[in-house]
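Return atomic coordinates for the entry below.
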Amino acid sequence: MKAKAKGPEQDDLFRARLVEIIDMRHALVKLAALIDWEFFEREWAEFFPSEAGRPATPSRLVAGLLYLQHAYDLSDEAVVARWVENPYYQHFCGETFFQHRPPIDPSSLTRWRNRIGEEGAEWLLTKTIDAGRASGAVDDRSLERVSVDTTVMEKNIAYPTDARLYERARQKLVTLAREADVDLRQSYARLAPRLALQVGRYAHAKQFKRMRKALKTLKGYTGRVMRDLRRYLRDIPAGTLREKICDALVLTGRLLAQKPKDKNKIYSLHEPEVDCISKGKARVRYEFGTKVSVAATINEGFIVGARSMPGNPYDGHTLADALDQVEVLTDIRPPLAVVDRGYRGHGVTRTRVLISGMRKGITPMLAKLLRRRSAIEAEIGHMKTDSRLTRCPLKGTEGDALIAVLCACGHNLR
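Got it, this is the predicted structure:
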């Protein structure tokens, strides 16, 4: 007679719980007890209004994976793979027993980020601040004095050159034409790639007259393909493909019309919102990405605010938004903020702002706090090297906003 098959509940009776395997003095175990996980269950429930279909992934699992990803500088695939082999990761994400299979597909993190948006990411940052308060890592008095600075978060794009942009635009238009069954007069599939390579060789050899001539020819190839596809636009039926073609034609038209010193230039076809930012660095003259404002406590270097600022605004114009975010996340309006000289002309009146180099009306205590302003540079450096702030892998301005806040979460956990 065969033994009766055991159910999952009966199997759990003979399995060791994670709390019996792991060291309860581990940092992640202590941190898991400080975070209010039920908050995410309540607040993120509104992102799933329908009760039909498969239940959503547990909110604590997703929140835990996002925390771990940016605390240890891991990709979506790496954090899920490491979760399987690390019992402390599983305990941090709310598991009772050790699991031998991935909890979700890595692509689920992308869909969750799109659902929660920047507001949901700020909730994650708020809970790290609350955990810091509960653990004593930061107190309410420290939250009243913050240091604010900006940095550049580069986008995951290649260095923009005219030859490469023209060639990429031509390739994209030719691909869309084939999907729409449009027979172009000429695609320049043989001539254009060779010419794009030759432009780079001329530039390397400092033969700039030949380079400009080849670049003009390559630009003409792209313009001919664009005008040829535009003639067939009325014959393409309405739908998603037609919208893609129209967007590509508009983007290519902007690319061909822009001048070297124009504003709002296109530096990447798949990321047209990228800004060219000059921060005065000796090693890198220009950086292509978006500006990020970071606010940290002066004493502990605890991040209490992080926000992307698209459009390359002046630093002084970002201070009011940065302080408003700190007030929303901590429920405390900082009475004092210290900044560098790039914030002159900020126009903030509700908070006293100390700017580097000030001498008038500075007491010895304020002078000591002002000397601590440069400490935020090290915090930003850690966010770049130990987190994912160096290069943003997510798409669009929404991706920039998410990465900026999540990197602050990871820094606070570390």
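
Run a quick neighbour tally on residue 203.
17 (other CB atoms under 10 Å). (Glycine included, C-beta is placed from N, CA and C.)

Name the SS class of it, please.
helix (DSSP: H, G, I helix; E, B strand; the rest coil).

ok, it - contacts?
By CB atoms under 8 Å, 6 or more residues apart in numbering, the residues touching residue 203 are residue 211.

ok, now the one 10 residues further on?
Residues counted as contacts of residue 213 (CB under 8 Å, 6+ apart): none.

And it, which helix or strand is it part of?
helix 208-231 (DSSP states H and E).

quick check: mean pLDDT across the helix or strand following that helix?
Counting by DSSP H and E, the next helix or strand C-terminal to helix 208-231 is helix 240-257. Mean pLDDT, computed over helix 240-257, is 94.

Return the list of helices and strands in contact with helix 240-257.
If contacts are counted by 3 or more CB pairs under 8 Å, 6 or more residues apart in numbering; DSSP states H and E, helix 240-257 sits against helix 162-179, helix 208-231.

Figure out which of the ones you listed is closest to residue 320.
Checking the helices and strands packed on helix 240-257 against residue 320 by CB to CB gives helix 162-179 as the closest, at 35.7 Å.

who are the neighbours of that closest one, in terms of helices and strands?
Helix 162-179 sits against helix 191-204, helix 208-231, helix 240-257, with contacts defined as 3+ CB pairs under 8 Å, 6+ apart.

Export the ones you listed to a markdown table and append columns for distance to residue 408.
Shown next, in a markdown table, are those (distance: least, CB to CB, whole Å):
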| stretch | distance to residue 408 |
| --- | --- |
| helix 191-204 | 39 |
| helix 208-231 | 41 |
| helix 240-257 | 32 |
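
what's the most buried one of the helices and strands packed on helix 240-257?
helix 162-179 (a mean of 19; mean count of other CB atoms under 10 Å).

Of all the helices and strands packed on helix 240-257, which one is nearest residue 32?
helix 162-179 (45.7 Å).

now the closest one and helix 240-257, what's the angle there?
Helix 162-179 and helix 240-257 meet at an angle of 160 degrees, taking axes from the mean of the first three to the mean of the last three CA atoms, to 10 degrees as the criterion.

Check the offset of helix 162-179 from the chain's centre.
From the chain centre to the centre of helix 162-179 is a distance of 27 Å (CA atoms, centre = their mean, to the nearest Å).

Of the helices and strands packed on helix 162-179, which is nearest residue 90?
Judged by CB to CB, the one of the helices and strands packed on helix 162-179 that comes nearest to residue 90 is helix 240-257, at 40.5 Å.

tilt between the closest one and helix 208-231?
Using the same axes, to 10 degrees: helix 240-257 against helix 208-231 is 150 degrees.

Offset the numbering so it begins at 12, please.
Will do, 12 is the new start, and the previous item becomes helix 251-268.

quick check: mean pLDDT across the helix or strand that helix 251-268 is followed by?
Past helix 251-268, further along toward the C-terminus, the next helix or strand under DSSP H and E is strand 286-288. Strand 286-288 shows a mean pLDDT of 90.

what sits up against strand 286-288?
So strand 286-288 is contacted by 163, 276, 278, 297, 298, 299, 300, 301, 302, 321, 322, 323 (CB under 8 Å, 6+ apart).

Could you rerun that using 10 Å?
With CB atoms under 10 Å, 6 or more residues apart in numbering as the test, strand 286-288 has contacts from 161-166, 171, 274-276, 278, 297-302, 320-324.

same thing with stretch 190-200?
Contact with stretch 190-200 is made by 178, 181-182, 184-189, 205-206, 228-229, 231-233, 235-236, 238-240, 242-244, 246-248, 250, 252-253, 255-256, as judged by CB under 10 Å, 6+ apart.

do that again at 7 Å, thanks
Stretch 190-200 is contacted by residues 181, 185, 188, 232, 236, 239, 240, 243, 247, 252, 256 when judged by CB atoms under 7 Å, 6 or more residues apart in numbering.

want to throw these into TSV with distance to residue 134?
Below are these laid out as TSV (distance: CB to CB, whole Å):
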residue	distance to residue 134
181	44
185	45
188	45
232	50
236	47
239	50
240	45
243	48
247	43
252	38
256	39
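
Pull the most distant pair out of those residues.
Maximum pairwise distance among the contacts of stretch 190-200 (CB to CB): 23.3 Å, between 232 and 252.

tilt between the helix holding residue 224 and helix 202-215?
Relative orientation of helix 219-242 and helix 202-215, computed by the same axes, to 10 degrees: 150 degrees.

Off-centre distance for helix 219-242?
34 Å.
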